[in-house]
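**Q** Fold the following and give me the result.
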Amino acid sequence: MTELQKRLFALQDTGYRDFQMKLIPTVPADRAIGVRTPELRKLAKDLRKQEPDLAEAFLGDLPHDYFDENQFHAFLISLEKDYGTCIAQVNAFLPFVDNWATCDQLSPKVFGKHKDELLSEIDRWMASDHAYTVRFGMGMLMQWFLDEDFRPEYPERVAAVRFQNGDEVDEYYVNMMRAWYFATALAKQYDAVLPLIEARTLDPWTHNKAIRKAVESYRITEEKGLLYDCNDEDILKVQLPFVEKHWDFNQLRPTDFEGKQAFMKEVFAECGENCYIELPFRANWGGAHLHLGNDVFINFNLTAVDDGHIYIGDKVLIAPNVTLTTAAHPVDPEQRAKGMQFNKDIHIGNNVWIGAGAIILPGVTIGDNSVIGAGSVVTKDIPANVVAVGNPCRVMREIGEEEQR
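**A** Reported below is the predicted structural model:
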């Protein structure tokens with residue numbers, strides 16, 4: 001047993017291992033140790049900083065014996081800051097990736113600074129005959145090229161992928177990423193991507209799965225007619241890594257300000273400058289769909305049901321025990337019994353103060369400068385520059401000029 005394997009076994013959680021292996025069928029159970037993701041991530045950071053020679057030796061020692069070593073390998077590569085070195089490490093590692101979890105954990109931040117060079121690598125990865133290299137290429141196209149660098153031809157490239165190697169499991173995980181890409185693209189670039197969906201450019205299985213995942217990845221709401229099963233196995237596979245990170249976040253000591261900032265910057269969909277959150281903090285997706293502006297203060301026990309997106313502007317104050325819930329279920333009892341759900345995003349403007357114990361329901365928008373009284377249940381939009389209180393929450397008065405000074 002190597003020195004690093006001894007360290008991994010010292011962190012073993014057999015209950016977590018047994019649960020994890022149910023979600024990763026391509027990995028034999030005897031190849032899993034059972035180290036939780038936050039522990040692996042911390043060990044990777046420590047090894048990079050304190051024992052760089054050991055880290056480099058480990059990266060060059062392929063293949064590994066255990067699934068957890070592959071996960072650890074992915075975390076080490078993701079910390080690399082030199083683009084050329086990182087690409088070389090990725091290309092050396094990809095042929096040995098044999099499961100969706102390791103493939104999806106591999107996410108080097110340095111790629112974001114070299115997008116022009118990255119595109120040619122992505123094209124090469126998507127043309128590979130190795131399933132998880134293809135999946136990784138599509139994942140990188142989804143991560144880095146669906147926002148300001150989006151081009152209409154990118155989803156066409158994903159639609160054109162036809163991976164067939166005779167292995168049903170490999171083909172499943174490639175097509176699942178194609179579906180995930182289009183689900184995310186529908187939410188981020190709806191007008192550009194919808195024609196490809198309407199034209200049925202995807203095979204029927206991937207087309208249907210993309211529609212289902214559209215409400216799970218970046219939230220297509222009921223207004224577009226999409227309900228989904230919130231207990232779907234594929235949704236849980238995406239959600240659980242965020243839940244793991246969220247658990248670790250809540251274990252931070254009160255004075256670990258650096259740790260809090262690191263988590264918010266890494267996990268939250270957006271996090272501006274000078275944001276602060278008191279723990280504990282509860283979130284279905286660990287805050288992965290939470291968007292914070294600048295100078296946001298969140299007090300104890302915020303519950304963010306962030307199955308949909310929650311947008312919070314600058315200089316917002318959120319008092320203790322507030323609930324922001326984007327998720328809802330059909331009134332139809334048959335649909336509800338099937339576990340169907342839909343989500344409506346919440347928008348909170350700049351300089352809003354939300355009082356203790358308030359509940360903000362799905363789809364609500366609160367205008368700039370408004371105050372929501374303690375204990376209020378906000379069921380409808382609240383305009384800017386008002387004080388609103390009650391259950392249901394109603395506007396009590398406008399905020400006068402003398403109060404805005």
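**Q** Any idea how many residues pack against the closest residue to residue 64 other than its chain neighbours?
**A** Excluding the flanking residues, the one nearest residue 64 by CB to CB, 6 or more residues apart in numbering is residue 70, at 5.5 Å. For the C-beta atoms, the positions are set from N, CA and C on the backbone; glycine is no exception. With neighbours defined by other CB atoms under 10 Å, the count for residue 70 comes to 25.
**Q** mind listing what residue 70 touches?
**A** 64, 96-99, 102 (CB atoms under 8 Å, 6 or more residues apart in numbering).
**Q** following the one helix or strand residue 258 maps to, which helix or strand shows up next?
**A** Using DSSP states H and E, residue 258 sits within helix 257-267. Once helix 257-267 ends, the next helix or strand along the chain (criterion: DSSP H and E) is strand 270-271.
**Q** Which other helices and strands does that following strand contact?
**A** In this structure, strand 270-271 packs against strand 290-292, with contacts taken as 3 or more CB pairs under 8 Å, 6 or more residues apart in numbering; DSSP states H and E.
**Q** And the next helix or strand past the strand it packs on?
**A** Immediately after strand 290-292, counting by DSSP H and E, sits strand 297-298.
**Q** which other residues reach that following strand?
**A** Under CB under 8 Å, 6+ apart, the answer for strand 297-298 is 275-278, 281, 316-318.
**Q** Neighbouring strands of it in the sheet, and parallel or not?
**A** Note on strand 297-298: by DSSP bridges, its sheet partners are strand 276-277 (parallel), strand 317-318 (parallel).
**Q** what's the model's confidence in it, averaged?
**A** Here strand 297-298 scores 96 as its mean pLDDT.
**Q** Can you give me the buried ones in the next helix or strand after it?
**A** Once strand 297-298 ends, the next helix or strand along the chain (criterion: DSSP H and E) is strand 302-305. Across strand 302-305, burial judged by 16 or more other CB atoms under 10 Å covers 302-305.
**Q** Repeat that for stretch 185-199.
**A** Buried-residue list, stretch 185-199, by 16+ other CB under 10 Å: 185-187, 189, 193, 196-197.
**Q** taking the residues you listed one by one, which sit in helices?
**A** Here DSSP state H is the test, and the buried residues of stretch 185-199 give 185-187, 193, 196-197 as lying in helices.
**Q** Go through those residues and say which is closest to residue 243.
**A** residue 187 (20.9 Å; CB to CB).
**Q** my read: the closest one touches residue 210, true?
**A** No - the criterion here is CB atoms under 8 Å, and residue 187 misses it with residue 210 at 11.1 Å.
**Q** By neighbours, which of the contacts of strand 297-298 wins?
**A** That'd be residue 318 among those, by other CB under 10 Å, with 26 neighbours.
**Q** Could you check how far stretch 135-142 is from the centre of its chain?
**A** Counting by CA atoms, centre = their mean, to the nearest Å, stretch 135-142 is centred 15 Å from the centre of its parent chain.
**Q** So what touches that stretch?
**A** 94, 97, 100, 103-104, 106, 111, 118, 121-126, 128, 154, 157-158, 161, 173-174, 176-178, 180-181, 184-185.
**Q** Please name the residues that touch residue 254.
**A** By CB under 8 Å, 6+ apart, residue 254 lies in contact with residue 279.
**Q** I misspoke; the intended subject was residue 13.
**A** For residue 13, the contacting residues are 34-36, by CB under 8 Å, 6+ apart.
**Q** Save the residues you listed as a markdown table, and put in pLDDT, secondary structure and distance to residue 385 too.
**A** Shown next, in a markdown table, are those (pLDDT from 0 to 100; DSSP: H, G, I helix; E, B strand; the rest coil; distance: CB to CB, whole Å):
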| residue | pLDDT | secondary structure | distance to residue 385 |
| --- | --- | --- | --- |
| 34 | 95 | coil | 54 |
| 35 | 95 | coil | 52 |
| 36 | 93 | coil | 47 |
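**Q** Ranking by neighbours, what's the top pick from the residues you listed?
**A** residue 35 (25 neighbours).
**Q** related to what we said a few turns ago, how about the ones in helices among the buried residues of stretch 185-199, which pair is most distant?
**A** Largest separation among those by CB to CB: 187 and 196, giving 14.2 Å.
**Q** before we move on, back to that, closest one to residue 88 out of the contacts of residue 13, please.
**A** Residue 88 has its nearest neighbour among the contacts of residue 13 in residue 35, at 26.2 Å by CB to CB.
**Q** before we move on, back to that, which one of the ones in helices among the buried residues of stretch 185-199 sits closest to residue 389?
**A** residue 187 (34.0 Å).
**Q** So what's the residue count around the closest residue to residue 279 other than its chain neighbours?
**A** Leaving aside its sequence neighbours, residue 279 sits nearest to residue 250 (CB to CB, 6+ apart; 5.5 Å). Residues near residue 250, counting by other CB under 10 Å, number 12.
**Q** what's near enough to touch residue 101?
**A** 23-24, 67, 71, 237.
**Q** And these, which of them are buried?
**A** 24, 67, 71, 237.
**Q** Would you reformat those residues as CSV and include secondary structure?
**A** Shown next, in CSV, are these (DSSP: H, G, I helix; E, B strand; the rest coil):
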residue, secondary structure
24, coil
67, helix
71, helix
237, helix
